[in-house]
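1. predicted coordinates and the sequence they were generated for:
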Amino acid sequence: MTAWPIPLIKRKEYGLNFHHIMDDEHTEAALGRLEPDVPVERRLVMRLLRHWRDKAGDRRFPLCTDIDFSAIPDIEPWAWRAVVRPDDTIALILEVVGARLTEDCGTALVGLTLTEIPVGTLMAAATKYHGDVLAREIPISIGGELKHRDGRHLLYRSIILPLSDNGTTVSHLHGAANCRAVTVA
């Protein structure tokens, strides 16, 4: 396990507030197999960060092959992974996108770049700070409010984590986001 803590950064410059948002009903199924007196982390971003840290061990970040989406099935519908192109760190190419994120966008996203994600979607909000993750080479989590393109107001939480093909250079970004609708008075 890495001795140094990995910060979760509140990103004020994005105009976001950090909110506590719980997972949906998929978490309940995952929690059912644990003993009742064992404390359980319900937040998607914290569970994914823990998985990332476990796989990284003493390395700066885990290998892409270390992260198995099926190992954490309740996160898989909310997760994504993109390939970092050495010649263009802005237009990363999506290679895996969970069903809930795809559904929210209303279109298939695999093969598209991050810049082609529909504006006003959870996926767009969850990926807009990927440049900070690439520059710092650390996981970053943000959360906040989003006025969805369909008019709903959402509270969301997201995380982006760096991955590597060789253990030294960031070659992929792995992320996840979830949300819940809120009523605005």
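-> Done, it's in. Residues are numbered from 1 along each chain as shown.
2. list the buried residues in stretch 164-182.
-> Across stretch 164-182, burial judged by 16 or more other CB atoms under 10 Å covers Ser164, Val170, Ser171, His172, Leu173, His174, Gly175, Ala176, Ala177, Asn178, Cys179. Where you see a C-beta, it was placed from the backbone N, CA and C, and this is true even at glycine.
3. the host helix or strand of the third one - contacts with which helices or strands?
-> It refers to Ser171. Per DSSP states H and E: Ser171 is located in strand 170-182. Here strand 170-182 is seen to pack against helix 44-56, strand 79-85, helix 122-127, helix 130-136, strand 153-164 when contacts are counted using 3 or more CB pairs under 8 Å, 6 or more residues apart in numbering; DSSP states H and E.
4. what's the angle between the first one and strand 170-182?
-> So that's helix 44-56. With axes from the mean of the first three to the mean of the last three CA atoms, to 10 degrees as the criterion, the two stretches helix 44-56 and strand 170-182 enclose an angle of 160 degrees.
5. now do helix 44-56 and strand 79-85, the angle between them.
-> Counting by the same axes, to 10 degrees, helix 44-56 points 60 degrees away from the direction of strand 79-85.
6. adjust the sequence numbering to begin at 144 for everything that follows.
-> Taking 144 as the first residue, the last one we looked at is helix 187-199.
7. quick check: buried residues in helix 187-199?
-> Applying 16+ other CB under 10 Å to helix 187-199 flags Leu187, Val188, Arg190, Leu191, Leu192, His194, Trp195, Arg196, Lys198, Ala199 as buried.
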